[in-house]
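1. predicted model and sequence below, questions to follow.
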Amino acid sequence: MIALQPDFCDIALPEGEHYSIEDYASSKARWCSGCGAHTILNSVQKLCNDKQLPPEKTVFVSGIGCSSRFPHYMKTYGFHGLHGRAFPVACGVKFRRPDLNVFVITGDGDCCSIGAGHWVHAIRYNMKMVVLLFDNAIYGLTKKQTSPTSPFGTVSNTHPAGSVLPPINPIQATLGLPNVSFVAQTVDWKPAHLNATLKKAFDHPGLAFVRIVQRCPIWMRDSYEPTVKDPDAITVLNHENGIVLDEKALKKFRHVNEHDPSDILKAREAAEMVKETTPIGLFYQNKEAIRYDEYGAHNLGTAVEDRIGAINSMMDRYAI
């Protein structure tokens with residue numbers, strides 16, 4: 001495991017100054033040319049800049065996989081952990097430090113295979129954080145093995161004659177978990193929708209689960225290229241309480257379905273659309289779901305008011 005620390009102190013910017021994109025960019029990303037992760041990284045850095053998130057108050061936690069190199073490319077705090085263990089680390093950080101902005105970066109193997117048990121309970125805990133599932137439907141870092149989301153019949157090094165099991169639908173699976181509060185899907189090659197989805201997810205008061213359908217130009221080129229090039233392959237879930245695009249951006253999509261994200265039954269129906277098309281948008285949101293980090297903040301004495309009181313009590317000891 002590698003614990004990454006940024007080269008700054010916990011000092012706020014002088015009044016009137018603002019963070020720039022460069023304040024969130026660390027070393028040069030080393031993903032393959034054409035990998036969708038580059039676009040996602042740019043969108044996340046844009047989100048941090050738009051929200052003016054203090055780097056010293058922002059944490060990116062990942063497991064193992066191509067996507068999990070993400071913390072190395074952010075000039076924030078980061079934790080590059082073990083395979084499938086991003087969720088328990090992130091939950092531990094948020095439980096003890098609810099004042100931090102926490103992001104989880106995970107892949108289809110990292111989340112839906114070895115990390116599946118942690119995925120289930122993280123959704124149930126509903127701590128305030130943004131979870132980004134980079135789903136390229138293949139184990140890319142280890143050079144093309146079938147992943148839990150690989151389409152049926154995918155030819156890989158583990159299934160040279162084609163995969164023999166139907167894939168997991170991460171959206172459908174997450175919508176079936178208790179206390180789920182935010183489930184959305186987007187694609188890396190539609191930056192306007194990706195940016196809008198990330199903003200909606202960050203503003204959500206609980207755990208925001210975002211599956212990003214991501215291109216892998218090396219191992220899954222034949223799988224995603226037809227979808228990228230076919231304007232009929234994507235259906236936008238549209239609603240005033242969902243992922244809102246301006247009129248110009250919305251007109252770029254041929255298929256737009258009205259979908260109320262407050263209806264979980266309709267959300268589960270929409271998740272089944274994946275058999276015919278790739279639905280993108282906000283499937284479900286419940287801002288009133290219970291949050292376990294709020295319980296932890298008060299019972300561990302880490303709520304903001306508790307910490308201020310503790311500091312004042314300590315200072316009183318030295319007052320004349």
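-> Yep, it's here.
2. strands along the stretch 101-250 of the chain, start to end?
-> For the stretch 101-250 of the chain, the strands defined by DSSP state E, counting those that start in this stretch occupy 101-107, 129-135, 182-187, 207-213, 234-238.
3. closest one to Ser27 among these?
-> Checking those against Ser27 by C-beta to C-beta gives strand 101-107 as the closest, at 15.5 Å. Placement of C-beta: from N, CA and C, glycine included.
4. sheet partners, orientation included, of that closest one?
-> strand 58-62 (parallel), strand 129-135 (parallel) (DSSP bridges).
5. wait, Asn169 sits on Ala271?
-> Yes: using C-beta atoms under 8 Å, Asn169 is in contact with Ala271, at 6.2 Å.
6. if you count surrounding residues, which of the two has more?
-> Ranked by neighbour count (other C-beta atoms under 10 Å), Asn169 and Ala271 place Ala271 first, with 22 against 17.
7. in a helix, that one, correct?
-> Yes: with DSSP: H, G, I helix; E, B strand; the rest coil as the criterion, Ala271 is assigned to a helix.
8. does it touch Gly281 like I think?
-> No: under the criterion of C-beta under 8 Å, Ala271 is not in contact with Gly281, lying 11.1 Å apart.
9. I figured Cys111 was touching Leu133, is that so?
-> Yes: if you go by C-beta under 8 Å, Cys111 and Leu133 touch, sitting 5.5 Å apart.
10. what touches both of the two?
-> Pro170 (C-beta atoms under 8 Å, 6 or more residues apart in numbering).
11. if you count what's nearby, which of those two comes out ahead?
-> Neighbours per residue (other C-beta under 10 Å) separate Cys111 from Leu133, with Cys111 holding more: 34 against 25.
12. one step back: closest one to Tyr224 among the strands of the stretch 101-250 of the chain?
-> Counting by C-beta to C-beta, Tyr224 lies closest to strand 207-213 out of those; the figure is 7.7 Å.
13. and stretch 284-297, how far out from the chain middle?
-> Offset of stretch 284-297 from its chain centre (C-alpha atoms, centre = their mean, to the nearest Å): 17 Å.
14. correction: the previous question concerned stretch 52-68.
-> With C-alpha atoms, centre = their mean, you get 10 Å for stretch 52-68.
15. buried residues in that stretch, which are they?
-> For stretch 52-68, a neighbour-count test (16 or more other C-beta atoms under 10 Å) marks 53-56, 58-68 as buried.
16. Gly81: which of these is nearest?
-> Of all these, Gly63 has the smallest distance to Gly81: 5.8 Å, by C-beta to C-beta.
17. mind listing what that closest one touches?
-> 81-86, 106-107, 110-111, 115.
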